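Asker: Structure of the sequence below:
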Amino acid sequence: MRLLFLLQIGISFLLCMGCGPATAQLSTGAPVVISLQTELQNLSVPGVYVEQVIDARASAEPLGLVVRGLNSTLREVQLQQGFVPELAGLLHNRLPAAGARPVVLRILSMGVAEAPVGNFRVQMAAELSAEWYARQPDSTYYLLCRTSRTTQLISSAEPKNSHIANLGALLEASLQQMAGVDWAAQLTANPRCQAAALQRRLPTQPYAIQSEECLRPGVYSNFFEFRYNAPGRPGNVQADARAYQTAEWQGLRAVAPFMLTPEGQHVAVEQAWGFCDGQQIYIRFGADYFLLEKRGAAFLFFAPALYNNNNTLLFNGGPPKHAYSLNLFSGLTTNYAGPSNLISLNKEGLVTHLMVYRRRQKNAPPLPVQLNGQAAGELREGDYLSLPWHDSNQPVRLCVGTDACLELTPSFSEANYIEYQPGAPAALQLVPVREGKTQVTRMASR
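Answerer: Next up, the predicted model:
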C-alpha cells in the first residue's frame, strides 16, 4: 500500500535545485529521517506537562514527500522514532511532570514541503495544526485552545536541518499559545469530552483551497498558506500580464504581480510561493508566476517546457504551453496528470489543448464549461479557456452553457481551437488553427 501511495502521488515529480522545478523520471528511495530531540532547548512553559500526544490526522501519512539527487528519487519524510513516540519523547524531556498540570496534545495536521526558489536555494516550509486539552479529576477533558501556524526558511544548506528547525519552532509557538490561555474561562466556555473522543481521527475532507467558495486575496509565502486559503500577506494584489506573441502561443501568460498599498503605491511581489488577486490564483515556477487553475480534484498550470543540459534541466525560454499539476499533499509539481491527479497519459506522454474562445458580446454573462461532464471553468465574453487533454484514444464532449455541446477527437500535433457563437446553427465550431490562433492572441493582448 505504501508503494502504491508513493506512485499515485509522485510519478514524474519535478525538481531543479538551481533554476526551479524541472521534469525528471521518478524512482522511490529510502526515507529522509529527521529527529526533533535537539529542539526546544530553551523552552519555558512552567506548570504544565504533556501527558499524552494523540495523532488525530485523517490518515497516518508521512510528514511530506521530497525529491533528492540527480536521479530524482522520491522520498518520504519521517520522524526517527515514529510520529507519536518522537513528539511524546521530546515533550516529556522538556516539560517535567513534577508539580505540573497534565495536558493532552492532539495533532490535527503536521507536514513539511520544499520548493526551489533559484540560485541553488530551496524554501523549506512546515505547518502544524493542533488542539490542547486539560484533564479534569474525573478523567474528562476540555479544550484549552486550537493552534494553526505555518513557517518557512530559504537556504542552500541541508534541507533536513531546516525542516527540523521549522517543526521545532511551530511546536514551541503552539506551546506558548497554550500557556497563555485562561484555563478557568475555557473550562466554563467549552464542554467536557471523554478520552475516546480525543482518539478519533479527523474525517478525510478537501483542503480549504478546494472547498471554500471565496478566495482570499494576498501573497502566499509558502505552499501551506495556499492549501489553507490563508495568504500570509493578505492584501490587494494585482498583476500585469505579459502575453507571448509567438507562433507557438498556447493562450496563457506569465504575470508580474504587485501589491497595491492604501497610498496607491505599487510594491513588487518577489520570492513568493504564489499569490491570489481574489479571483485567480498564480503559482511561482522558475522566475515567473503562472495562472493556477482547478481541474476536478487537481490544480493545473502552464509554464515553459524544459530541456536537459548536462544532466541539469533548464527552462527553454519559450511560451508557457507545457501542462503541469500541483499535488495538494506534498506541494510538488508534476507533468499534468489529468483531472483525477493520477497519471493517465497516452503512450507518447503527450498533452494537447482545447482553446475555447468567445468574441465580445455586450452584457453577456459568463457561461459554465464542461469537459466530458466535469466542470472545467467559465467562459466570459471576449475571453478564452485553455483546456488540456491527454487521452488520444477517446473523443471529447465539450459543452458551454446548458445546450451548446460539441464532440471531437482532439489533434495532438497542434492546438484545437473551438469558437462559441451563441445563436449560430452550431454554437460550438472547430475552426482552422490560423483563425483561432489570431482570435486568441488578440484576446490575450488586451
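
Asker: top strand in this structure by residue count?
Answerer: For the chain, the strand with the greatest residue count under DSSP state E is strand 101-118.

Asker: Using the record's domain definitions, break this structure down for me.
Answerer: 1-25+211-344, 31-199, 348-446 (automatic domain parsing).

Asker: now the longest strand of the chain: how far from the chain's centre is it?
Answerer: 16 Å (Cα atoms, centre = their mean, to the nearest Å).

Asker: L187 in helix, strand or coil?
Answerer: helix (DSSP: H, G, I helix; E, B strand; the rest coil).

Asker: re earlier: now render the domains of the chain as CSV, adding mean neighbour count and distance to Q205.
Answerer: Where you see a C-beta, it was placed from the backbone N, CA and C, and this is true even at glycine. CSV is the format used below for these (neighbours: other Cβ atoms under 10 Å; distance: least, Cβ to Cβ, whole Å):
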stretch, mean neighbour count, distance to Q205
domain 1-25+211-344, 18, 7
domain 31-199, 17, 7
domain 348-446, 16, 19
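
Asker: Export those domains as a markdown table, with columns for mean pLDDT.
Answerer: Conversion of the domains of the chain to a markdown table gives the following (pLDDT from 0 to 100):
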| stretch | mean pLDDT |
| --- | --- |
| domain 1-25+211-344 | 70 |
| domain 31-199 | 89 |
| domain 348-446 | 84 |
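
Asker: Please name the nearest non-neighbouring residue to the residue sitting furthest away from the middle of the chain.
Answerer: Residue farthest from the centre of the chain, counting by Cα atoms, centre = their mean, is G99 at 44.1 Å. Residue nearest to G99 in three dimensions, not counting chain neighbours: G47, with 7.9 Å by Cβ to Cβ, 6 or more residues apart in numbering.

Asker: Tell me if I'm right that that neighbour and P102 touch.
Answerer: No: taking contacts as Cβ atoms under 8 Å, G47 lies outside contact range of P102: 10.8 Å.

Asker: And the helices in the stretch 51-200 of the chain?
Answerer: 83-94, 159-179, 183-189, 195-199 (DSSP state H, counting those that start in this stretch).

Asker: Nearest to T352, out of the ones you listed?
Answerer: helix 159-179 (36.3 Å; Cβ to Cβ).

Asker: now the closest one and helix 83-94, what's the angle there?
Answerer: On the basis of axes from the mean of the first three to the mean of the last three Cα atoms, to 10 degrees, helix 159-179 is oriented at 60 degrees to helix 83-94.

Asker: Identify all contacting residues around helix 159-179.
Answerer: 32, 34-36, 38-40, 43, 45, 47-48, 63, 66, 77, 87, 90-91, 103, 110, 112, 114, 122, 124-128, 130, 132, 144-145, 147, 149-153, 155 (Cβ atoms under 8 Å, 6 or more residues apart in numbering).

Asker: which non-adjacent residue is nearest W183?
Answerer: A134 is the one closest to W183 (Cβ to Cβ, 6+ apart), at 6.2 Å.

Asker: Next, the contact list for that neighbour, please.
Answerer: A134 sits in contact with R101, P102, V103, V104, Y141, Y142, L144, W183, Q186, L187, where contact means Cβ under 8 Å, 6+ apart.

Asker: do you know which of the helices of the stretch 51-200 of the chain lies nearest V269?
Answerer: helix 159-179 (22.5 Å).

Asker: Off-centre distance for that closest one?
Answerer: On Cα atoms, centre = their mean, the centre of helix 159-179 falls 21 Å from the chain's centre.

Asker: Show me the strands in the stretch 201-350 of the chain, by range?
Answerer: 218-220, 233-234, 237-242, 254-260, 266-268, 274-276, 281-285, 288-295, 298-303, 306-309, 312-315, 322-326, 333-335 (DSSP state E, counting those that start in this stretch).

Asker: Make a markdown table out of those strands and add distance to Q210.
Answerer: A markdown table is the format used below for these (distance: least, Cβ to Cβ, whole Å):
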| stretch | distance to Q210 |
| --- | --- |
| strand 218-220 | 15 |
| strand 233-234 | 20 |
| strand 237-242 | 21 |
| strand 254-260 | 23 |
| strand 266-268 | 29 |
| strand 274-276 | 14 |
| strand 281-285 | 12 |
| strand 288-295 | 8 |
| strand 298-303 | 9 |
| strand 306-309 | 28 |
| strand 312-315 | 29 |
| strand 322-326 | 12 |
| strand 333-335 | 17 |
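
Asker: Which of those sits closest to L398?
Answerer: Nearest of those (Cβ to Cβ): strand 288-295, 14.0 Å.
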